[in-house]
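Asker: Sequence plus the predicted model coming up.
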Amino acid sequence: MKRCLKSNPEPACLANYRSTSPGASWEEFRDHAAGESYTEVRNTLGRGQGGLCAYCELDPDHVNQQVAHFHPKSDRAGGTNWALHWPNLWLACKGGSQAWMLERENYLPPLPENLSCDEAKGNEVVDGLVLAPGDVPAFPRIFKYEQQPDFVVVVVDEDGCQVAGIDEEKARRTIEKFNLNCPRLGEARLVLLRQVESQVKRLRESAHDPRAFVELLIQRFLSKDASGNWRKFFTLVRWRFGATAENYLRSIGFRG
């Protein structure tokens, strides 16, 4: 889970709709203007987040994207319409819930064991108990990874949390509540890590100056593409390259 940015001000279509229909549901907003307003909100979130799911860091295409509500949109207590509250909205994947998707990273039985992200959280109120995507610091990195024979799991980086002033237990609950170590995601992380290791090995064997080529590889994996998107499992790659990755991200002014 990486820090996610959000545009300010919010999309005008959402602000205007909320001003004229303050009590409307999310479903009513989705149907508004033939879905064009919803698409604008989704795309705005995607640009801010660099195309990645706010929770698991997959890079879902449009059919595997949804606008997730950190606080349940059905909660109408306290006078806030959480369904239309811009700070409450994040772009997320569909959490492994779509059985028709063929890619193992997008769907892998059994369920609910392999549900993640907003699908795993459901309607549970987790405010203050876990980290919201905007609560994760850009620096230092507060999550690290452990490679197992068949998967890669995300764990809390205690040192990073201490420096950042982040409650370690809160970070651990974030991993648990969004089920970020489900087998589906752990397997997909291992696939990517093996690809990275394979490229590093080839560079070391063929390059006259391996360190320089590794730095180029870091730029490839940790830079936005031509569409302004980050590569999936961004934090995994960031962890793999350690201090060199941190130096590169600082050099490009990384904020999330």
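Answerer: Structure received. Numbers count the residues shown, from 1 in each chain.
Asker: Which residue ranges of the stretch 101-250 of the chain form helices?
Answerer: Secondary structure of the stretch 101-250 of the chain, counting by DSSP state H, counting those that start in this stretch: helices at 117-121, 158-164, 168-177, 183-206, 210-222, 234-240, 242-251.
Asker: tell me the angle the last one makes with helix 210-222.
Answerer: The one in question is helix 242-251. 60 degrees (axes from the mean of the first three to the mean of the last three C-alpha atoms, to 10 degrees).
Asker: so for helix 242-251, what's the average pLDDT?
Answerer: Throughout helix 242-251, pLDDT has a mean value of 95.
Asker: So which elements touch that helix?
Answerer: In terms of contacts (3 or more C-beta pairs under 8 Å, 6 or more residues apart in numbering; DSSP states H and E), helix 242-251 is packed against helix 210-222, helix 234-240. Using the backbone N, CA and C atoms, a C-beta is placed for each residue, glycine as well.
Asker: Just the residues contacting that helix, thanks.
Answerer: Residues from elsewhere that reach helix 242-251 (C-beta atoms under 8 Å, 6 or more residues apart in numbering): 138-141, 214-215, 218-219, 222, 237-239, 241.
Asker: Write the ChimeraX selection for whichever of those are buried.
Answerer: Buried residues within these, by 16 or more other C-beta atoms under 10 Å, are selected in ChimeraX with:
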select :141,214,215,218,222,237,238,239,241
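Asker: Minimum pLDDT in the contacts of helix 242-251, which residue is that?
Answerer: Among the contacts of helix 242-251, residue 214 has the weakest pLDDT, 78.
Asker: hang on, that residue packs against residue 203?
Answerer: Yes: using C-beta atoms under 8 Å, residue 214 is in contact with residue 203, at 6.1 Å.
Asker: can you state the direction angle for the helix or strand bottoming out on mean pLDDT in the chain and helix 183-206?
Answerer: Across the helices and strands of the chain, mean pLDDT, DSSP states H and E gives its lowest value to helix 210-222, namely a mean of 82. Angle of helix 210-222 versus helix 183-206, following the same axes, to 10 degrees, is 150 degrees.
Asker: Can you name every helix or strand that helix 210-222 contacts?
Answerer: Other helices and strands packing on helix 210-222, by 3+ C-beta pairs under 8 Å, 6+ apart, are helix 183-206, helix 234-240, helix 242-251.
Asker: for the residue lying closest to residue 38 once chain neighbours are set aside, helix, strand, or coil?
Answerer: The spatially closest residue to residue 38, leaving aside those adjacent along the chain, is residue 30, at 4.6 Å (C-beta to C-beta, 6 or more residues apart in numbering). Classification of residue 30 by DSSP: H, G, I helix; E, B strand; the rest coil places it in helix.
Asker: what's the neighbour count on residue 30?
Answerer: Here the number of neighbours of residue 30 (other C-beta atoms under 10 Å) works out to 16.
Asker: Likewise for residue 7?
Answerer: The burial count for residue 7: 11, using other C-beta under 10 Å.
Asker: give the contact list for it.
Answerer: Taking C-beta under 8 Å, 6+ apart, we find residue 7 in contact with 44, 47-48.
Asker: hmm, 10 Å instead?
Answerer: Going by C-beta atoms under 10 Å, 6 or more residues apart in numbering, residue 7 touches 44-45, 47-48, 86.
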